[in-house]
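Peer 1: Next one to model:
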Amino acid sequence: MPNAVEADHIRRRQPRAEYARGARGVEWVRPTDLMARHTAVVAGRGIDFEAALARRVRAPLVAPVRRVGSRVAQLPPVSAFGRGHRPHQVARDAVGRS
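Peer 2: Below you'll find the predicted structure:
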């Protein structure tokens with residue numbers, strides 16, 4: 001308790017400017033800057049919401065495609081069914097060239 005009393009006396013002897021230096025005071029901000037701060041926060045929340053919504057909508061569509069893709073990888077190659085060859089391309093003679 002004596003330390004608290006001494007600290008109070010020391011605090012009262014200090015000038016007000018030095019006493020207030022450690023405390024956080026009022027921060028003066030232009031109204032336009034204040035609006036920009038808060039709208040940026042709201043815009044960030046909106047972007048996060050849109051991203052989360054897109055993930056939720058896309059998830060049920062992506063899962064079946066991944067399952068089909070993994071099953072396709074297990075199938076034998078198309079050539080095993082007699083369809084893997086390249087089709088013959090149509091060739092033309094050089095018309096008018098000598």
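Peer 1: CA only for contacts and neighbour counts going forward, please
Peer 2: Will do.
Peer 1: Flag the shaky bits of this structure, pLDDT-wise.
Peer 2: 1-24, 83-98 (pLDDT under 70).
Peer 1: again, 80 this time
Peer 2: By pLDDT under 80, the weakly predicted segments of the chain are 1-25, 78-98.
Peer 1: Spell out the residue ranges of the helices in it.
Peer 2: Taking DSSP state H as the criterion, the chain contains helices spanning 2-13, 16-21, 31-74.
Peer 1: burial count for R56?
Peer 2: 11 (other CA atoms under 10 Å).
Peer 1: Report the contact partners of it.
Peer 2: By CA atoms under 8 Å, 6 or more residues apart in numbering, R56 lies in contact with nothing.
Peer 1: if we can go back for a sec, how about CSV for the helices of the chain, with distance to F81 added?
Peer 2: Below are the helices of the chain laid out as CSV (distance: least, CA to CA, whole Å):
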stretch, distance to F81
helix 2-13, 92
helix 16-21, 84
helix 31-74, 15
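Peer 1: Tell me which of the ones you listed sits nearest to A80.
Peer 2: Closest of these to A80 is helix 31-74, at 13.3 Å (criterion: CA to CA).
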